[in-house]
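Trainee: model this:
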Amino acid sequence: MGYLLQLRKFVGHRPLISTGAATVVYNAKNQLLLVYRSDTHLWGLPSGSKELNEAMETTAVREVFEETGVRITEPAFVTLLSGPQMQFTYPNGDQIDAVIVVYQATATDQVLQPQTGETEKVHYFSLDNLPKRNELTAFSQHILEAAHLITQY
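Mentor: Residues are numbered from 1 along each chain as shown. Purely as a prediction, here's the structure:
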């Protein structure tokens with residue numbers, strides 16, 4: 001059980017400050033890797049919370065692999081995001097105030113494997129054929145805009 005899930009036992013749905021990583025992953029064809037989330041039923045970037053004693057780069061690598069089955073190496077720092085636009089309430093009522101380190105990386109393989117219970121689908125999208133804005137999580141929209149990696153959002 002992850003660190004934040006352990007804290008939820010004590011604080012319930014109240015807001016928690018969550019530190020995590022989101023990674024903008026491209027394949028060799030310069031396509032963007034997105035996951036279709038089981039909780040929100042929206043596309044989003046591979047991302048997740050940092051665990052105790054874990055470096056942020058390790059969080060990025062671990063979360064990409066856990067959610068997608070894709071391996072990356074040496075994620076490059078892009079930006080750090082926090083503030084009101086990074087607050088979120090999950091469908092189950094859990095609230096977070098996220099501090100997100102955004103990385104960019106290239107996939108080292110092409111095995112797409114959704115994470116049971118968290119991601120329903122994993123797919124590479126060409127940059128001129130990304131999901132529509134209303135099909136993408138608000139977090140991912142904000143990350144892509146703030147990181148200036150994708151101009152469509």
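Trainee: quick one, strands of this protein?
Mentor: With DSSP state E as the criterion, the chain has strands at 16-26, 32-37, 43-44, 47-49, 76-81, 87-89, 95-106, 119-125.
Trainee: Please list all residues in contact with the closest residue to Leu42 other than its chain neighbours.
Mentor: Among residues not flanking Leu42 along the chain, Thr137 sits closest, at 4.7 Å (Cβ to Cβ, 6 or more residues apart in numbering). To be clear about C-beta, it is placed using only N, CA and C from the backbone, and glycine gets the same treatment. Residues in contact with Thr137 (Cβ atoms under 8 Å, 6 or more residues apart in numbering) are Arg37, Thr40, Leu42, Trp43, Gly44, Leu45.
Trainee: how far away is Thr137 from Asn53?
Mentor: With distances taken as Cβ to Cβ, to the nearest Å, Thr137 is found 28 Å from Asn53.
Trainee: ok, now Ala107?
Mentor: Relative to Asn53, and taking Cβ to Cβ, Ala107 is found at 26 Å.
Trainee: Between those two, which is the more surrounded one?
Mentor: Counted by other Cβ atoms under 10 Å, Ala107 and Asn53 do not tie: Ala107 has more neighbours, with 20 against 7.
Trainee: Thanks a lot, see you next time.
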